[in-house]
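Novice: here's a sequence, model it:
(2 chains)
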Amino acid sequence: MKVRTRFAPSPTGYMHIGNLRTALYEYLIAKSQGGDFLLRIEDTDQKRYVEGSTDIIFNTLKTVHMDWDEGPDIGGDCGPYIQSERRSIYQEYAHKLVELGGAHYCFCAARDDEEEDDETKIPTKFKDPCKRISLEQAKARIAAGEPYTIRQTINKKGVSHFHDEVYGDIEIDYDELDEGVLLKTDGLPTYNFANVVDDHLMGITHVVRGNEYISSTPKYNLIYEAFGWVPPVYVHVPPVMKDAQHKLSKRNGDASFQDLVEKGYLPEAILNYIALLGWNPGTDQEIFSLEELKKCFTAERLNKSPAIFDIVKLTWMNGCYIRNLPAEKFHELAMPHYQKYLHRELDLALLSSVLQPRIETFNDIASQTDFLEKMPEYGLELYTNKKMKTDVEVAKKTLALALTDLQKVSDWKNDVLFESLKELAVANELKNGQILYPLRIALSGKETTSGGATEIAAILGKNETISRIEQAIQKLGNEK
RNA sequence: GGUCCCAUCGUCUAAUGGUUAGGACAUCACCCUUUCACGGUGGUAAUAUGGGUUCGAAUCCCGUUGGGAUCACCA
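Specialist: Numbering: from 1, shown residues only, chains lettered A, B, ... in the order given. A predicted model of the protein is given here:
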């Protein structure tokens, strides 16, 4: 039988990292076995609907190249793929379930949302008075226009068993199960019902979802059973955590996929990182393209325990991806950042080659290049460096030497500049660092920079370099 | 609270009864080097706890502790 999985998000806002990881696992389970991956929008809760979130879902999946085989935008044999458009299907099946004895009509008034007190909760199990209403009576009340819900009927005793690919065999007592609402007063189904009906109708073979659904899984199996349907393979996955106690959630302001992309992370790196958050290949390999993941993914290597999202490791991995980018691609991606911060005439191609091995996210560009735009304020103590054997006096002397030397250079390239200054050092019996270290300070006002002194000079161009050296010499003279 | 689930370095994890408990990130040291970064080498660092079972336990069983989930006309 062909493997079919589905990603079934609610359009309630941004794409969370945990959601994306679930989607990835669903995608990989299908694609590793030549199966289908479908997209279904679960918008049965009109109150939580957020405008535009469906597009975010589409766009996110597209940017990470997780293409779906059937979905709201492209259709398929099992449409529609938006639950609010499947209303009549659920109603048909819900009433059918009542006939089959798996559910009953309930006329209890809608619960007051204000009431939070545990004691005031309507105990749904055994005490639902509507369970005792005969089918004929119930139908008559409905015909009379009385509002109703359809509630699951659970009469089974004993313990329910089911198998989960990640957690193994789970046992839950039927007494623990609530007779939840399946079809709401508004005629729309709850997740508990829509999910089962859709997964069956869409031929879903593997259901991947958060482990918070483990305890309600027996309820879903009861519905499958009542209809005579075959339940899917269950793959419950642990949550992605912010820290040991809290799940990662947008609600707490934790980073969403979009946020990370805006912070300068590459979609491929994010996807690679989250793939490994709760799954491992059984080898030491850590860098995976989506294609590679498709080849080696197996649900057996999914982990049972929650994993803390570690931005530091993601940052490292992003650095790996940045370094592996073709130089032109890096330059292309860096360009918008340059345009944002740098307005002076600079050798941007050289800047890119200097930056590529050094930055870990594109947002690092700002702090790495600020001095190119404008010399920062700095203190003369920067010129003193024990290892480089420099101090203010040495700097005064070597900057003057460097100035006259550089003024003679016409082919303004890093190699040329470097060779020239190296020869200058030899000629004056100086260490390279005694010329180059003060030069970097003079050009950047910083103790450390991306790239060496001559690279900075090459990026800045001859005029600006000469000008900055002159200013530095003046500063050294004045403040003596 | 009832029920279910989870527990290896700070973090992500490997080791499906026999390993000096391995790798990666982070961290520290050294090397490379015009600073920084990259790269290289090495170091620090873990089986929550108490009992079993076994010749032998991170691994199997029970208890304890800690954590999470669930008990909605949300998903």
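Novice: count the residues that sit near the nearest residue in space to A:I311 that is not next to it in sequence.
Specialist: Closest residue to A:I311 in three dimensions, ignoring its sequence neighbours and counting by Cβ to Cβ, 6 or more residues apart in numbering: A:A255, at 7.5 Å. Every residue, glycine included, has its C-beta placed from N, CA and C. Neighbour count of A:A255, defined by other Cβ atoms under 10 Å: 21.
Novice: what confidence value was assigned to A:A255?
Specialist: Note for A:A255: predicted pLDDT of 84.
Novice: same question for A:T124.
Specialist: pLDDT for A:T124: 44.
Novice: picking up where we left off before, show me the contacts for the residue nearest to A:I311.
Specialist: By Cβ atoms under 8 Å, 6 or more residues apart in numbering, the contact set of A:A255 is A:17, A:248, A:263, A:311.
Novice: contact partners for the second one?
Specialist: Contacts for A:L248 were tallied using Cβ under 8 Å, 6+ apart; they are A:16-18, A:239-242, A:254-255, A:309.
Novice: keep only those that also lie close to RNA strand B.
Specialist: Residues of these in contact with RNA strand B (Cβ under 7 Å from any atom of the strand): A:239, A:241.
Novice: now the buried members of the contacts of A:L248.
Specialist: A:16-18, A:239-242, A:254-255, A:309 (16 or more other Cβ atoms under 10 Å).
Novice: farthest-separated two in these?
Specialist: Using Cβ to Cβ, the two most remote members of the buried ones among the contacts of A:L248 are A:P239 and A:A255, lying 15.3 Å apart.
Novice: just give me the closest of the contacts of A:A255 to A:G278.
Specialist: A:I17 (11.3 Å).
Novice: let me see the contact set for the closest one.
Specialist: A:240, A:248, A:254-257, A:260, A:270, A:274, A:309.
Novice: give me the phi and psi for the residue nearest to A:I311.
Specialist: phi -60, psi 130 (degrees, to the nearest 10).
Novice: from A:H95, how far off is it?
Specialist: Distance of A:A255 to A:H95, computed by Cβ to Cβ, to the nearest Å: 44 Å.
Novice: what do you get for A:E286?
Specialist: Per Cβ to Cβ, A:E286 is found 52 Å from A:H95.
Novice: A:L417 contacts A:A457, correct?
Specialist: Yes: at 5.5 Å, A:L417 counts as touching A:A457 under the criterion of Cβ atoms under 8 Å.
Novice: quickly list what's touching both of the two.
Specialist: In contact with both A:L417 and A:A457: A:L406, using Cβ under 8 Å, 6+ apart.
Novice: more neighbours, those two?
Specialist: Neighbours were counted for A:L417 and for A:A457 using other Cβ under 10 Å; A:A457 has more, 30 against 25.
Novice: how many neighbours does the closest residue to the more buried one other than its chain neighbours have?
Specialist: Distance criterion Cβ to Cβ, 6+ apart; nearest residue to A:A457, sequence neighbours excluded, is A:T465 at 4.5 Å. As a burial measure, A:T465 scores 26 neighbours (other Cβ under 10 Å).
Novice: need phi/psi at A:T465.
Specialist: According to degrees, to the nearest 10, A:T465 has phi -60, psi -50.
Novice: that one: what's it in contact with?
Specialist: So A:T465 contacts A:406, A:443, A:457 (Cβ under 8 Å, 6+ apart).
Novice: which one of those is nearest to RNA strand B?
Specialist: Distance to RNA strand B, by Cβ to the nearest atom of the strand, is smallest for A:A457 among the contacts of A:T465, at 8.9 Å.
Novice: how near is A:E360 to A:G319?
Specialist: A:E360 is 4 Å from A:G319, by Cβ to Cβ.
Novice: more neighbours, the two?
Specialist: A:E360 (20 against 17).
Novice: A:H161 belongs to a strand?
Specialist: Yes: the assignment for A:H161 (DSSP: H, G, I helix; E, B strand; the rest coil) places it in a strand.
Novice: could you point out the helix or strand that follows the helix or strand hosting A:D259?
Specialist: Here A:D259, judged by DSSP states H and E, is contained in helix A:257-262. Per DSSP H and E, the first helix or strand lying C-terminal to helix A:257-262 is helix A:267-275.
Novice: buried stuff in that next one?
Specialist: Buried residues in helix A:267-275 (16+ other Cβ under 10 Å): A:267-275.
Novice: check which element follows that helix along the chain.
Specialist: Immediately after helix A:267-275, counting by DSSP H and E, sits helix A:290-296.
Novice: torsion angles phi and psi at the residue lying closest to A:R4 once chain neighbours are set aside?
Specialist: With Cβ to Cβ, 6+ apart as the criterion, A:R4 has its nearest non-adjacent residue at 4.7 Å, and that residue is A:D36. Reported as degrees, to the nearest 10, the phi and psi values for A:D36 are phi -110, psi 150.
Novice: distance of A:D36 from A:S367?
Specialist: Distance from A:D36 to A:S367, counting by Cβ to Cβ: 46 Å.
Novice: neighbour count: the two, which is higher?
Specialist: When A:D36 and A:S367 are compared for neighbours, A:D36 comes out ahead with 19 against 11, by other Cβ under 10 Å.
Novice: in chain A, which residue sits closest to RNA strand B?
Specialist: Distances between chain A and RNA strand B by Cβ to the nearest atom of the strand are smallest at A:G452, namely 2.4 Å.
Novice: sec struct for A:I170, please.
Specialist: From three-state DSSP, the assignment for A:I170 is strand.
Novice: now do it, the pLDDT please.
Specialist: 94.
Novice: quick check, it in contact with A:V159.
Specialist: No: using Cβ under 8 Å, A:I170 is not in contact with A:V159, being 10.0 Å away.
Novice: looking at these two, which is more packed in?
Specialist: Using other Cβ under 10 Å, the more surrounded residue of A:I170 and A:V159 is A:I170, with 17 against 13.
Novice: need the contact list for that one.
Specialist: By Cβ under 8 Å, 6+ apart, the contact set of A:I170 is A:161-164, A:214, A:217.
Novice: so which of the residues you listed reach RNA strand B?
Specialist: When Cβ under 7 Å from any atom of the strand is applied, the members of these adjacent to RNA strand B are A:I214.
Novice: of the contacts of A:I170 - the most surrounded one?
Specialist: A:T217 (20 neighbours).
Novice: tell me who's in contact with that one.
Specialist: A:T217 neighbours (Cβ under 8 Å, 6+ apart): A:162, A:164, A:170, A:172, A:234, A:236.
Novice: what do you get if the cut-off is 10 Å, keeping everything else the same?
Specialist: A:160, A:162, A:164, A:170, A:172, A:177, A:207, A:209, A:231, A:234, A:236 (Cβ atoms under 10 Å, 6 or more residues apart in numbering).
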